[in-house]
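> take a look and give me a structure for this.
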Amino acid sequence: MRTLAKEKSVTILPADKGKARVIMDTAEYEEKVKEVLSDEKVYEVLKKDPTAVYKRQLVSILTRLKEENKITEGDSTKCYV
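Residues are numbered from 1 along each chain as shown. Sure thing, here's the model as predicted:
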């Protein structure tokens with residue numbers, strides 16, 4: 001399995017259910033991912049990565065909760081590190 005995992009033409013993934021593994025041709029896997037992500041009814045292309053905005057909002061909320069002694073510094077750190 002380790003030797004197979006090193007092969008770039010093969011992708012090994014956890015199965016949807018159970019502890020099984022799925023072995024797929026990498027090109028086929030990438031095509032299926034592109035097909036799923038191209039569904040405009042489910043996904044949309046973002047003009048900008050929103051991660052930084054969400055992180056600032058999270059830090060602000062955690063800071064307020066620490067100041068109100070509702071969470072500890074350790075709890076806060078675990079939430080965004």
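> contacts, neighbours, all on C-alpha from now
OK.
> what packs against the strand or helix carrying residue 36?
In this assignment (DSSP states H and E), residue 36 forms part of helix 26-37. The contact analysis (3 or more Cα pairs under 8 Å, 6 or more residues apart in numbering; DSSP states H and E) places helix 26-37 against strand 10-14.
> packing partners for the strand it packs on?
Counting contacts by 3+ Cα pairs under 8 Å, 6+ apart, strand 10-14 is packed against helix 2-6, strand 21-25, helix 26-37.
> now the spatially most central residue of the chain: how far from residue 80?
The structure's the chain has its C-alpha centroid closest to residue 51; by Cα atoms, centre = their mean the separation is 12.0 Å. To residue 80, residue 51 is 12 Å away according to Cα to Cα, to the nearest Å.
> follow-up on the earlier one: now the helix or strand following the helix holding residue 36: buried residues?
Using DSSP H and E, the helix or strand that directly follows helix 26-37 along the chain is helix 51-67. By 16 or more other Cα atoms under 10 Å, the buried positions in helix 51-67 come out as 62-63, 66.
> picking up where we left off before, and the helices and strands packed on strand 10-14: which comes nearest residue 76?
Closest approach to residue 76 among the helices and strands packed on strand 10-14 (Cα to Cα): helix 26-37, 33.2 Å.
> give me the contact list for that closest one.
Contacts with helix 26-37, where a contact means Cα atoms under 8 Å, 6 or more residues apart in numbering, come from 8-11, 43.
> orientation of it relative to strand 21-25 in degrees?
Using axes from the mean of the first three to the mean of the last three Cα atoms, to 10 degrees, the direction of helix 26-37 lies 100 degrees away from that of strand 21-25.
> buried set for helix 26-37?
Applying 16+ other Cα under 10 Å to helix 26-37 flags residue 29 as buried.
> and if you look at stretch 45-52?
Applying 16+ other Cα under 10 Å to stretch 45-52 flags no residue as buried.
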